[in-house]
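Asks: A predicted structure for the sequence below; I have some questions about it.
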Number of protein chains: 4
Amino acid sequence: MDKTPLPFAKLMGLNITEVTPERVTAELKVRNDLWTRPAILHGGAIMAFADTVGAYATVANLPEGTTTTTIESKTNFFAAVPAGDTAKAECTPLHRGRTTMVWQTRISRGDGKLAAIVTQTQLVLPGKR
Amino acid sequence: MDKTPLPFAKLMGLNITEVTPERVTAELKVRNDLWTRPAILHGGAIMAFADTVGAYATVANLPEGTTTTTIESKTNFFAAVPAGDTAKAECTPLHRGRTTMVWQTRISRGDGKLAAIVTQTQLVLPGKR
Amino acid sequence: MDKTPLPFAKLMGLNITEVTPERVTAELKVRNDLWTRPAILHGGAIMAFADTVGAYATVANLPEGTTTTTIESKTNFFAAVPAGDTAKAECTPLHRGRTTMVWQTRISRGDGKLAAIVTQTQLVLPGKR
Amino acid sequence: MDKTPLPFAKLMGLNITEVTPERVTAELKVRNDLWTRPAILHGGAIMAFADTVGAYATVANLPEGTTTTTIESKTNFFAAVPAGDTAKAECTPLHRGRTTMVWQTRISRGDGKLAAIVTQTQLVLPGKR
């Protein structure tokens, strides 16, 4: 897989730490330009973080001659990720079919507490990546 | 309302164009550091864009002595927003109660086509903003 | 379209009142066997009501030689529907593409108040209905 | 806890098999009045099944003097549950806070295959059950 970071992932500074067809992990340092007010990781940054990780997971499972698009994504937020902390993402499959894949990404804080869960559906389409 | 841009909104370059209790609008230029691959607006950037707009809408409705947190957010994606285009967001209320507010944000492209719809639930909590 | 009621829709007693490609409406009387405790319409019955209406809307738009399956559904609940009331559903399209259709169904009470909104994604597949 | 079946759960014929604060399980026989067309378990029945199980799980965790309402629910569908089969539900917590609880319910078929996952948010409110 091409591991050149996607532009928006690069802007956020996220770091993919493992890519296998069964699991993708990544880290995101809560830099001060990723804050909302108060100084915690912006919920939008959490969703963008998970979305990127889910895309890597999908690509790691795409058959030859297919491409993918995200059709929907759902996030539940449980706890804030404080400034300076490093959020971790772990993405595992709920479903890997021919037409759709569904991924669930757990976002946790440095202290291990669950911060958010993101579930996203990827459509698998004929086409060139 | 304090209109100093939130740090992550500033990083993305989003521009709030209207804030009333009934409607918040904003624009986001599809800069090349907001791309995924291919060169379209990253789905995560779309979600972060809407999340920010929904937060403004909530704050514009918060009673004195209350604060808010996003508890969940759901996005449906319909069409890609191409590089160089300017995405527009329009956020209107589905529900404004004492305990929760639910906002729906339509993200459209420069040509007017609907790109995504984001629905988010905000919890209203006692506390200082 | 075959308008013989689906078995589960029949069990619940729901009544389809209009089917066009742009809009499907229906009614559901809050019979006492549709209650949760307290005596209001069960949230699950609301979701089943909307799901049925969304399926009719999809079928009214399916090209020849295709079939459909629901891949995901999201409900926001705003207000209870009291015992003895009649809930109304109105389903309109958010997206009608070749591969997916997305429908939004507003469930309202007899007094016109919005009770819930359900958004569901239908996959369009080759095959015989 | 009062285990008298809720009216709608009774109409559907669902059977709660275990209730602890950490886990609720239940079964639902795919009777012919729970079908959609073709003859598989109606998606709405799956959502109603999970909703009921999540409500039991919430009640098993409610502090004295509080009550609950479902504010949102999201379902991903993966596989059909055939006529005559018995669907099983297993509900476990994603989050149990003072203000909200979030439950995830896995619906599986008799052959063990995952049919759907339902994630629902319960608001915890002061009041009498």
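Replies: Received it, and whenever you're ready, just let me know what you need. Numbers count the residues shown, from 1 in each chain, chains lettered A, B, ... in the order given.
Asks: secondary structure class for the residue positioned nearest the centre of chain A?
Replies: Of all residues in chain A, the one closest to the mean position by CA atoms, centre = their mean is residue A:50, 2.2 Å from it. Put simply, residue A:50 is helix when judged by DSSP: H, G, I helix; E, B strand; the rest coil.
Asks: Identify the residues contacting it.
Replies: The contact partners of residue A:50, by CB atoms under 8 Å, 6 or more residues apart in numbering or on different chains, come to A:73, A:75, A:89, A:91, A:105, A:107, A:116, A:118, A:120, B:44. In this view, the C-beta of every residue, glycine as well, is placed from N, C-alpha and C.
Asks: Can you tell me the closest non-neighbouring residue to it?
Replies: Nearest residue to residue A:50, sequence neighbours excluded (CB to CB, 6 or more residues apart in numbering or on different chains): residue A:118, at 3.6 Å.
Asks: Report pLDDT for residue A:123.
Replies: We have a pLDDT of 97 for residue A:123.
Asks: Quick check: beta-bridge partners of it?
Replies: Beta-bridge partners recorded for residue A:123 (DSSP bridges): residue A:69, residue A:100.
Asks: doesn't residue A:66 make contact with it?
Replies: No: judged on CB atoms under 8 Å, residue A:123 makes no contact with residue A:66 at a distance of 9.9 Å.
Asks: Residue numbers of chain A in contact with chain C?
Replies: By CB under 8 Å from any CB of the partner chain, the part of chain A that sits against chain C consists of A:71, A:72, A:74, A:99, A:100, A:121, A:123, A:125.
Asks: so where does the second one fall, helix or strand?
Replies: Meaning residue A:72. Assessed by DSSP states H and E, residue A:72 sits inside strand A:66-77.
Asks: what packs against that strand?
Replies: Judged by 3 or more CB pairs under 8 Å, 6 or more residues apart in numbering or on different chains; DSSP states H and E, strand A:66-77 is in contact with helix A:43-59, strand A:114-126, helix B:43-59, strand B:66-77, strand D:114-126.
Asks: Could you dump these into CSV and include distance to residue C:32?
Replies: Formatted as CSV, the helices and strands packed on strand A:66-77 follow (distance: least, CB to CB, whole Å):
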stretch, distance to residue C:32
helix A:43-59, 42
strand A:114-126, 35
helix B:43-59, 38
strand B:66-77, 32
strand D:114-126, 24
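Asks: what's downstream of the strand holding residue A:72, the next helix or strand?
Replies: Remark: after strand A:66-77, the chain's next helix or strand is strand A:86-96, criterion DSSP H and E.
Asks: Looking at strand pairing, list the partners for residue A:74.
Replies: Beta-bridge pairing for residue A:74 (DSSP bridges): residue A:119, residue B:74.
Asks: and it, how many residues sit next to it?
Replies: For residue A:74, the neighbour count with other CB atoms under 10 Å in any protein chain shown is 23.
Asks: Show the pLDDT at it.
Replies: 98.
Asks: Show the contacting residues for it.
Replies: Counting by CB under 8 Å, 6+ apart, residue A:74 touches A:118, A:119, A:120, B:72, B:73, B:74, B:75, C:74, D:74, D:119.
Asks: which one of those has the most neighbours?
Replies: Looking at the contacts of residue A:74 with neighbours defined as other CB under 10 Å, the largest count falls to residue A:120 at 29 neighbours.
Asks: Spit out the contact partners of the closest residue to that residue other than its chain neighbours.
Replies: Distance criterion CB to CB, 6+ apart; nearest residue to residue A:120, sequence neighbours excluded, is residue A:73 at 4.1 Å. Contact partners of residue A:73, counting by CB under 8 Å, 6+ apart, are A:47, A:50-51, A:54, A:118-121, B:43, B:47, B:74-75, B:77.
Asks: switch to 10 Å and redo it
Replies: A:47, A:50-51, A:54, A:103, A:105, A:118-122, B:43-44, B:46-47, B:73-77, B:116, B:118 (CB atoms under 10 Å, 6 or more residues apart in numbering or on different chains).
Asks: I figured residue A:8 was touching residue B:48, is that so?
Replies: Yes: in this structure residue A:8 lies within contact range of residue B:48 using CB atoms under 10 Å: 9.3 Å.
Asks: When the two are compared, which one has more neighbours?
Replies: When residue A:8 and residue B:48 are compared for neighbours, residue B:48 comes out ahead with 31 against 25, by other CB under 10 Å.
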